[in-house]
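Enquirer: next input, structure requested:
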Amino acid sequence: MSDINISITHITPVNGNVFADLGFAPVEAAKLKIKAQLMLQIDEWIKAEQLKQGEAAQLLQISRPRVSDVVRGKTGKFTIDALVDMLERAGKRVTVQVA
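Expert: Residues are numbered from 1 along each chain as shown. I've put the predicted structure just below:
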């Protein structure tokens, strides 16, 4: 038998920030959450349009490896501006709401 504890000790609320829960500083956690949300939208667009990564790269005007980085959620490789630009090229309108 394994000595690894697999019990759930914390669940992030729906409106919470998993990055904050993981111990990131508040400002960094907020940026990571925004990046993750933008990347998710790009990934969902690729799937909805049934695009191959090469096709998505051409439409987004980025390289195929960059598409792979988006799909794999590599937030550190992108700025928020770059992700917004990609969404605009995908025909998505990005708006900002401040609470």
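Enquirer: what helix or strand is residue 83 on?
Expert: helix 80-89 (DSSP states H and E).
Enquirer: next one: that helix to chain centre, how far?
Expert: The chain centre lies 12 Å from the centre of helix 80-89; the measure is C-alpha atoms, centre = their mean, to the nearest Å.
Enquirer: do stretch 71-78 as well
Expert: The gap between where stretch 71-78 is centred and where its chain is centred comes out at 7 Å by C-alpha atoms, centre = their mean.
Enquirer: please apply the same query to stretch 4-13.
Expert: A distance of 23 Å separates the C-alpha centroid of stretch 4-13 from that of its chain, computed with C-alpha atoms, centre = their mean.
Enquirer: output that stretch as PDB, nothing but the C-alphas.
Expert: What follows is the C-alpha trace of stretch 4-13 in PDB, where atoms were taken according to Å, rounded to 0.1, in the frame of the first residue of the first chain:
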ATOM      1  CA  ILE A   4       0.500   9.000  -0.200                       C
ATOM      2  CA  ASN A   5      -2.500  10.900   1.100                       C
ATOM      3  CA  ILE A   6      -4.900  11.500  -1.800                       C
ATOM      4  CA  SER A   7      -7.700  13.000   0.200                       C
ATOM      5  CA  ILE A   8      -9.000  16.400  -0.900                       C
ATOM      6  CA  THR A   9      -8.100  19.100   1.700                       C
ATOM      7  CA  HIS A  10      -9.100  22.200  -0.200                       C
ATOM      8  CA  ILE A  11     -11.500  23.100  -3.000                       C
ATOM      9  CA  THR A  12     -11.200  26.500  -4.800                       C
ATOM     10  CA  PRO A  13     -14.600  28.200  -5.000                       C
END
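Enquirer: so what touches it?
Expert: Under the contact criterion C-beta atoms under 8 Å, 6 or more residues apart in numbering, stretch 4-13 has outside partners 18, 21. (Glycine included, C-beta is placed from N, CA and C.)
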